[in-house]
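Student: Structure for this input, please:
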Amino acid sequence: MLEVLEQTEGSRQLGETIREKLLSKLDLLGDPYTELKNLFYSIDSDHSNRLSRQEFEILMDKLDINFSRREWTQIY
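Tutor: Modelled structure (predicted):
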């Protein structure tokens, strides 16, 4: 049970970190919502309205946001 709680807390913290990094980078480009939407649609190559792992990696790369191998494992 403790492992599940730790994983959940770790995932929550990672999610917050991703959100903060995304908003910080997008804010430099202008309106964060508009910029994220435009970037999302330019990367969503199969028009599924969902980013695959590969597409998500492209998004993070374009925004110059990097994660450790452990964090990538948590994300996907």
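
Student: Give me the secondary structure label for the residue most central in space within the chain.
Tutor: Nearest to the mean C-alpha position of the chain, counting by C-alpha atoms, centre = their mean, stands Ile18 at 5.3 Å. Following DSSP: H, G, I helix; E, B strand; the rest coil, we place Ile18 in the helix state.

Student: What distance do you get for it to Leu39?
Tutor: 14 Å (C-beta to C-beta, to the nearest Å). All C-beta atoms are positioned from the backbone trio N, CA, C, and that covers glycine.

Student: if I pick Trp72, what's in contact with it?
Tutor: Residues counted as contacts of Trp72 (C-beta atoms under 8 Å, 6 or more residues apart in numbering): none.

Student: How about Arg69?
Tutor: Arg69 neighbours (C-beta under 8 Å, 6+ apart): none.

Student: how far away is it from Ile75?
Tutor: Where Ile75 is concerned, Arg69 sits at a distance of 11 Å (C-beta to C-beta).

Student: Sweet, I'm off.
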